[in-house]
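**Q** Starting from these lines, generate the structure:
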Amino acid sequence: MSAGQAQATPAAPTTEASSKSIPATQKSWRVTGSGDIDKVLKFGDVPVPKLKKGDILVKVQAAALNPVGHKVLKLLPGFIARRAKAHEFEIAGVVVDANGTEFKEGDEIFGAIPVLSVFQNGYGALAQYTAVSAQQAILRPKNVTPTQAAGLSIAGLTAYQGLIDIAKLEAGQSVFINGGSTAVGSFAIQLAKAKGAHVAVSASGKNEQYVRNLGADEFFDYTKAPLHEQLLAADPNPKYHVFLEAVGMNDPTLFVESEKYLAPGGVFLDVGPQGGYLKFFWKVFLQPSWLGGTKRKWKLIALDVKKEYLVAFAKLVEEGKVKPLVDSVFSFEDTLKAYERIKTSRATGKVVVKVDPTAE
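**A** Modelled structure (predicted):
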């Protein structure tokens, strides 16, 4: 989905919502316990949140869903999960109470509510109104709509933090992205190309044109053979400076074999292991090189929603160098159907819930 032409100015304020019209209660998707999301996420009435110092109250226009949204509810004990009066972590909306921050009522923003904050403070993105830290929100670029902007912050900043902040990717270097059609992978392709890097990508064959349209220079179909075998056969020269595991490792083989395709001094970035934890920790952290351990750096991308990252990423969006990627849009009432789409692991781009039916 095109973001349109780059604009240097922020979105114009709207005066539709004001503090005088804020209700006492609202509709939200709240968490009722631990377990499968289709059983524990319920639609109903909850209070509009009270603000703490440094927070802003936002009338939510759109929320983007994340795989961690349904996975975390199977891991948390029920007494913690039930703290979330509204679930999920990415929003776009309109400020209705600036609460003494740098924002003003009517500002159109996008941002993120970290996972921990949702279960500590009780409010995430799937509500008509939510509280957001002013340090984790910025003005929405004028060249993107609320439904496009809702999905920028978590996947976009994960890719940005990994490639730019941790790996220090430079022009002329090469990067391999495993899972190029995922939300993180899709943003990573665009960021790497914006930096002037050579980009190789893996995805299923049906998504080859999708990732090439984003800027991928080389393509590997992971369904044809184990990916590490394909990389060994390709024998890249020069070797990749950065390897981004955007899917999350179930098997550490890609890292174990990475000396053959990741340059000395290169970094293996990972969004986090997805299983096989004992083998993972042995192969990645514990096995010494003299017992076959891998002589390459492994780095976890532990997302930190910093204002400076949001500002830098939004600038790339304004300039048209990074485009928002929306797989599908669902109504607020159909949030559980939106999670069904997420759980297929076939979404290319973000799955978005339109909380305000009038939002673009």
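
**Q** ok, and the spatially most central residue of the chain, which helix or strand is that part of?
**A** Nearest to the mean C-alpha position of the chain, by C-alpha atoms, centre = their mean, lies Ala155 at 1.8 Å. Take DSSP states H and E as the rule and Ala155 turns out to sit in helix 153-160.

**Q** next helix or strand past that helix?
**A** According to DSSP H and E, the helix or strand after helix 153-160 is strand 174-178.

**Q** what lines up beside that next one in the sheet?
**A** strand 198-203 (parallel), strand 240-245 (parallel) (DSSP bridges).

**Q** Rebuild those strands as a markdown table, extending it with distance to Thr32, mean neighbour count and mean pLDDT.
**A** Where you see a C-beta, it was placed from the backbone N, CA and C, and this is true even at glycine. A markdown table is the format used below for these (distance: least, C-beta to C-beta, whole Å; neighbours: other C-beta atoms under 10 Å; pLDDT from 0 to 100):
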| stretch | distance to Thr32 | mean neighbour count | mean pLDDT |
| --- | --- | --- | --- |
| strand 198-203 | 36 | 26 | 98 |
| strand 240-245 | 34 | 26 | 97 |
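
**Q** Dump the ones you listed to JSON lines, plus distance to Leu303.
**A** Output for the strands paired with strand 174-178, formatted as JSON lines (distance: least, C-beta to C-beta, whole Å):
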{"stretch": "strand 198-203", "distance to Leu303": "22"}
{"stretch": "strand 240-245", "distance to Leu303": "14"}
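
**Q** For Lys354, which of these is the nearest?
**A** Closest approach to Lys354 among these (C-beta to C-beta): strand 198-203, 27.5 Å.

**Q** neighbouring contacts of the closest one?
**A** Strand 198-203 has contacts (C-beta atoms under 8 Å, 6 or more residues apart in numbering) with 172-181, 185, 189, 192-193, 210-211, 215-222, 227, 236, 240.

**Q** Kindly state which of the strands paired with strand 174-178 is positioned closest to Ile164.
**A** Using C-beta to C-beta, the nearest of the strands paired with strand 174-178 to Ile164 is strand 240-245, at 10.5 Å.

**Q** tilt between that closest one and helix 153-160?
**A** Relative orientation of strand 240-245 versus helix 153-160 (axes from the mean of the first three to the mean of the last three C-alpha atoms, to 10 degrees): 150 degrees.

**Q** Name the surrounding residues that touch strand 240-245.
**A** Outside strand 240-245, the residues touching it (C-beta under 8 Å, 6+ apart) are 159, 162-163, 167, 169-170, 173-179, 184-185, 188, 197, 200, 254-255, 258, 261-263, 265-271.

**Q** rerun at 7 Å
**A** Contact with strand 240-245 is made by 162-163, 167, 169, 173-178, 188, 254, 258, 261-263, 266-271, as judged by C-beta atoms under 7 Å, 6 or more residues apart in numbering.

**Q** Mark which of these are buried, thanks.
**A** The neighbour-count test (16 or more other C-beta atoms under 10 Å) marks 162-163, 167, 169, 173-178, 188, 254, 258, 261-263, 266-271 as buried among the contacts of strand 240-245.

**Q** tell me the helices in the stretch 51-200 of the chain, going along the chain?
**A** Taking DSSP state H, counting those that start in this stretch, the helices of the stretch 51-200 of the chain run over residues 67-75, 78-81, 115-121, 146-149, 153-160, 183-194.

**Q** ok, now the stretch 201-350 of the chain?
**A** Using DSSP H, counting those that start in this stretch, helices in the stretch 201-350 of the chain cover 208-214, 227-234, 253-256, 277-281, 307-318, 335-343.

**Q** Test of understanding: give the bridge partners of the nearest residue to Leu300 once chain neighbours are set aside.
**A** Once flanking residues are discounted, Leu300 sits nearest to Asp270: 5.7 Å by C-beta to C-beta, 6 or more residues apart in numbering. Residues in a beta bridge with Asp270, per DSSP bridges, are Glu245, Leu300.

**Q** Would you mind saying which of the helices of the stretch 201-350 of the chain lies nearest Arg30?
**A** helix 335-343 (11.2 Å).

**Q** How about the contacts made by Gly71?
**A** Actually, residue 71 is Lys. It isn't Gly. Contacts for Lys71 (C-beta under 7 Å, 6+ apart) come out as none.

**Q** what bits of this structure have low per-residue confidence?
**A** In the predicted model, the chain carries pLDDT under 70 at residues 1-20, 249, 273-294.

**Q** Quick check: can you list the domain ranges of it?
**A** Domain assignment for the chain by automatic domain parsing gives 19-152+324-354, 154-300.

**Q** Kindly check the end-to-end length of the last one for me.
**A** Put plainly, it is domain 154-300. Across its full length, domain 154-300 reaches 15 Å between end residues, using C-alpha to C-alpha, to the nearest Å.

**Q** chain center to that domain, what's the gap?
**A** In terms of C-alpha atoms, centre = their mean, to the nearest Å, the centre of domain 154-300 is set 17 Å apart from its chain centre.

**Q** Share the number of residues neighbouring the closest residue in space to Glu88 that isn't next to it in sequence, please.
**A** The shortest distance from Glu88 to any non-neighbouring residue, by C-beta to C-beta, 6+ apart, is to Ala125 (4.2 Å). When neighbours are defined as other C-beta atoms under 10 Å, Ala125 has 31 of them.
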